[in-house]
Every structure is written in structure tokens, then in C-alpha cells.
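Asker: With the sequence up front, the predicted model follows.
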Amino acid sequence: MPRTRPAGPAPATAPQNQGILMGRIVVITTGGTIAARPRGHGHASAAPGREVVAAVDIPPAVQVEVLDLCVLDSPLITTAHQVRLLHTIHDLFARRDVEGIVVTHGTDTLEETALLADLHHHDRRPVVFTGAQRPPGEERPDGPGNLRDALLTASAVSGVGTLVVFGGKIYPARDTVKSHTLALDAFAHPAGPVGEVRADTVLLHARPVRPSPLPTPSWTLPRRPLRVDMVMHHCDADPALLRAAVEEGAQGVVLVATGAGNATPRFAEAVAEATGRGVLVALTTRVPGGPVAELYTNGGAVDLVRSGAVPAGTLRAGQTRAAVLAALLATDEPGERARLLHRATASSAPLAA
Ligand SMILES: NC(=O)C[C@H](N)C(=O)O
């Protein structure tokens, strides 16, 4: 097992693999820049998992098994792929020889799939998401180093849920978002990383706080495809887009509001209509930091929540959508969906030492 030691003055959460046989890390590959090849004037995901893993200097203590889920740039990932991934993770955790799971994923929507996995993570063994900003074949690609760090992390930690390992840093899935379009250090969490990987050493200085996971969904998608749309508020925004989403059959809508979660009285009316029809509406903000807060009336968060929107805490838009999806996957009953969404978004209080 790779070395793990505490960093800094905070008490170490010395990771242990309790009761788990020393075993292997399964790498589930889904595509992304880490699996990209030149295509036309740019790049596109094309490399199978074995090629992604072959580029990595695998740490000697780690045994790797590769499982190809799909080869897609992550803007093309759908709910069906995400549910297949959840199912695959669930099946792998039924195996005693699996010590941890690494998922390689495009960075654009990684935060969505990672939170969805975290909301369904019931096992002490970790799931670690990683990817790349520079494709293989370019000068100094970052994928192999990121994957190596993810393998080391997956074999060194436990009881921490789903993580994102990127640019040498370890983040909890929850509240971690892509924060730069091009930089190699592409992800950020409001409280900073919970750890880092230096050389072959995994350093954890904090333990993520997670709400209790949601019920395991049924692995068959409902006959009516799940649709969760996103509508953004801005100066002069028209709630017609929210109504159109409902007319198109959205069972969930994420309202990306301004400030601490504010829109207009017309939006509050549209939210009331949507929730009255059993649509799950979540309220987040387009501001990068801070929680949604019920401070303002006149179409602000006070009115939107009174109209039935569920405030998404500190989750940003993409992760709020993942939380809505998790609630929809769990049950058909609107009241229960809202209750589960409250649970999924509650207390993103970031970290406990
Ligand atoms: N860096 C990346 O992975 C971006 C890529 N296009 C994606 O699949 O999200």
C-alpha cells in the first residue's frame, strides 16, 4: 500500500482499509481529454481504457483492472451513462478483491457525475475521479500524472466517499467544480483541497463531511426519460424558458438565480406553477461562492422557496442538477423527491478536521 501521512498541524485522518482484503483498483474509463486523439482541427475522445492506463507509470503497490464504460467527451455524457456508471460502481463494491475505484472522465462535466456518485456512495472504499486538461500527444500531458495520483489515493484512503484528484490536489466531490477552462489546476473547492499527493505519498489533512447517501436507485431508467433542465436568471429574464422546460416534459428544473438566489415575482409565479404540477425545482445561484439564502422578497429567494423551490445550499448549477437527478432517480413521489433533494443539498458544511 502506498504511504499515507498527515500534513500540516491538523489532526491526521489516517486512512485505513478496514476489513478489506488488499486488492486491486478498478479504473473505469469514460473518455474526456485524458483519452483524446487529434480529430480534425482539434481533439476528441477516442482512446480505449487500456491505452489511457498504458500511459501511466503505475505505482508498484497498485494492481490495476481496466473497465471501459464509454469513450465520450464529457459534454456528451447523458443520464443513461451516469446511471450505468452508478450501477457499475455498485457491482464492483460487491467484490471483496476491489480496494478502490478510479473513474477517468472529461473535466467539463466531471463535477456532475462525481457528485451523483457521491450521493449514492455507501461503501468505505473510495471512488476517485480524475481526468486531464492536455491531451496525450501534446507536450507534457497531465493525464498520466493525474491518473497515477488518483490510483495512489484510491489505494490509500477509506471512509471519505467520492473524491476528485487533479493537479496534485485531493478534493471531496461535493462542492468541487471546474474553476478554470485551461489551467492544469482545473478544479477548486471553496474550502480548498482536503489533501494532496506528493511523490508517492498521499497526504490528507481533512475529512469530507457528507450527508447520508440517497437510496440506491433502480438500475433501469424510467420509461419516460428523465429530463432536468436549467434556466438562468439575468436582467430582464423571461420565465417563459422555465415554462417551456415544463411543457417539454422536464420533471426537474434548476433555476440558476442571481445573488443569494433571487429572481423576479414572475419567476416566483412560474416556479409555483411548475411545482404545482409535480416538477422538482431547485434554486441555486450564478455567483461562484456562498450559499443560497432566503433574504429577499419581491421575487427573491424568500418568494421562490415559498413557491416550492428547494434551495441548493452551496451547490453550484451543475451539481444542483446532479442532486435533482438523484432525487428523481430515487422515487416518483413529488413530496419524497423534494425531501430527498433537501437531504442531498443540506449542509454542504465543507470539512471536519
Ligand atoms: N479537459 C477535458 O476533459 C475537456 C473535454 N472536452 C471533456 O471531455 O470534458
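Answerer: Alright, I've got the coordinates. Every value quoted in this text rests on a predicted model; they were computed, and no experiment measured them. Residues are numbered from 1 along each chain as shown.

Asker: How many residues are close by whichever residue of the stretch 1-150 of the chain sits closest to the ligand?
Answerer: Closest residue of the stretch 1-150 of the chain to the ligand, Cβ to the nearest ligand atom: Gly106 (2.0 Å). Bear in mind the C-beta positions are built from the backbone N, C-alpha and C, glycine included. Applying other Cβ atoms under 10 Å, we find 24 residues neighbouring Gly106.

Asker: Could you verify my assumption that it touches Ala44?
Answerer: No: using Cβ atoms under 8 Å, Gly106 is not in contact with Ala44, being 10.4 Å away.

Asker: Those residues of the stretch 101-250 of the chain touching the ligand, which are they?
Answerer: Gly106, Thr107, Asp108, Gly131, Ala132, Gln133 (Cβ under 6 Å from any ligand atom).

Asker: May I ask which of the residues you listed has the most neighbours?
Answerer: Gly131 (30 neighbours).

Asker: if we can go back for a sec, please identify which pair of the residues of the stretch 101-250 of the chain next to the ligand lies farthest apart.
Answerer: Greatest spatial distance in these: Asp108 and Ala132, 11.8 Å, computed using Cβ to Cβ.

Asker: Need the residues touching each of these two.
Answerer: Residues touching both Asp108 and Ala132 by Cβ atoms under 8 Å, 6 or more residues apart in numbering: Gly32.

Asker: List the residues that contact the residue sitting furthest away from the middle of the chain.
Answerer: Distance to the chain centre peaks in the chain at Asn298, reaching 32.9 Å (criterion: Cα atoms, centre = their mean). Residues in contact with Asn298 (Cβ under 8 Å, 6+ apart) are Thr264, Pro265.

Asker: helix/strand/coil for it?
Answerer: Here Asn298 is recorded as coil under DSSP: H, G, I helix; E, B strand; the rest coil.

Asker: I'd like the residues of the stretch 101-250 of the chain next to the ligand laid out as a markdown table, including distance to Gln319.
Answerer: Output for those, formatted as a markdown table (distance: Cβ to Cβ, whole Å):
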| residue | distance to Gln319 |
| --- | --- |
| Gly106 | 16 |
| Thr107 | 14 |
| Asp108 | 14 |
| Gly131 | 16 |
| Ala132 | 21 |
| Gln133 | 20 |
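
Asker: Fine by me, we can end here.
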